[in-house]
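*Asks:* Return atomic coordinates for the entry below.
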Amino acid sequence: IIEEARCWDTTEKILYISTDKTVSDKKNVMGATKMCAETINSSMGFTSVRFGNVMHSRGSVLEIWKRQREAGEPLTITDPNMDRYMMDIPEACSLVIEAIEKGKGGATFILDMGQPKKIIDLKNELYGQDYPTRIIGLRPGESMSERLMTDDEAKRAKKVDGFFILEP
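*Replies:* Numbers count the residues shown, from 1 in each chain. Okay, the predicted model is just below:
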């Protein structure tokens, strides 16, 4: 315990990587725990970074579709009207690096990700409208749309260089 305390005393920066699920899915375990962690991190004066879905990351819908296509299966879509914020791995990495460089005093950095994209449109762009699709429906705790900020956060956020910054 003493060694661990010394580590915290000498740590200059910690960056917590969060998710848009802190806003949209507070009722499920992932959303609730991510929001708790953001709050704790901010209260300790460390920086958080929050963003949407990262394409081609482990668990990404694109990786799921890739496995389904390789197996000759239809691509699963939760709902044709479902939408999500999407970014690629280089964008996510840049956001993390910029947040750690600029972050201070418990701020949360949120990438301005533009408008969310319908999942069915993403599927059609990548595989065409004719590739078989299977609609599976919402699972418990899942939402049709995700938001990057609460209404209160959106009122307080400062727009800086493609980011929204929430001061504690």
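*Asks:* for residue 62, helix, strand, or coil?
*Replies:* Classification of residue 62 using DSSP: H, G, I helix; E, B strand; the rest coil returns helix.
*Asks:* Pull the number of nearby residues for it.
*Replies:* The tally of other residues near residue 62 (other C-beta atoms under 10 Å) stands at 17. Where C-beta positions appear, they are placed from N, C-alpha and C, glycine not excepted.
*Asks:* try the one 4 residues further on
*Replies:* Under the neighbour criterion other C-beta under 10 Å, residue 66 is assigned a count of 14.
*Asks:* Wait, a strand at it?
*Replies:* No. Counting by three-state DSSP, residue 66 falls outside a strand, being helix.
*Asks:* now the strands: where do they sit in this structure?
*Replies:* In the chain, the strands defined using DSSP state E lie at 15-19, 47-51, 53-54, 75-77, 83-84, 86-87, 108-111, 117-118, 133-135, 158-160, 163-166.
*Asks:* what sits up against the fifth one?
*Replies:* Pointing back at strand 83-84 there. With C-beta atoms under 8 Å, 6 or more residues apart in numbering as the test, strand 83-84 has contacts from 52-53, 61, 116-119, 144-146.
*Asks:* For burial, what's the neighbour tally of residue 55?
*Replies:* 18.
*Asks:* My read is that it contacts residue 91, right?
*Replies:* No. Contact criterion C-beta atoms under 8 Å: residue 55 and residue 91 do not qualify, at 9.2 Å.
*Asks:* Provide a list of residue ranges in the protein with pLDDT below threshold.
*Replies:* Counting by pLDDT under 70, the chain has low-confidence residues at 1-11, 21, 24-27.
*Asks:* at 50 instead, please
*Replies:* For the chain, the stretches with pLDDT under 50 are 1-2.
*Asks:* Let me see the ranges of the helices in it.
*Replies:* Counting by DSSP state H, the chain has helices at residues 2-10, 21-24, 29-43, 61-70, 89-102, 119-127, 151-156.
*Asks:* ranking those by burial, who's on top?
*Replies:* Of the helices of the chain, the one with the most neighbours on average (mean count of other C-beta atoms under 10 Å) is helix 21-24, at a mean of 23.
*Asks:* What is the burial count for the nearest residue to residue 120 once chain neighbours are set aside?
*Replies:* Distances taken as C-beta to C-beta, 6 or more residues apart in numbering place residue 80 nearest to residue 120, at 4.6 Å, with adjacent residues excluded. Counted by other C-beta under 10 Å, the residues lying close to residue 80 total 12.
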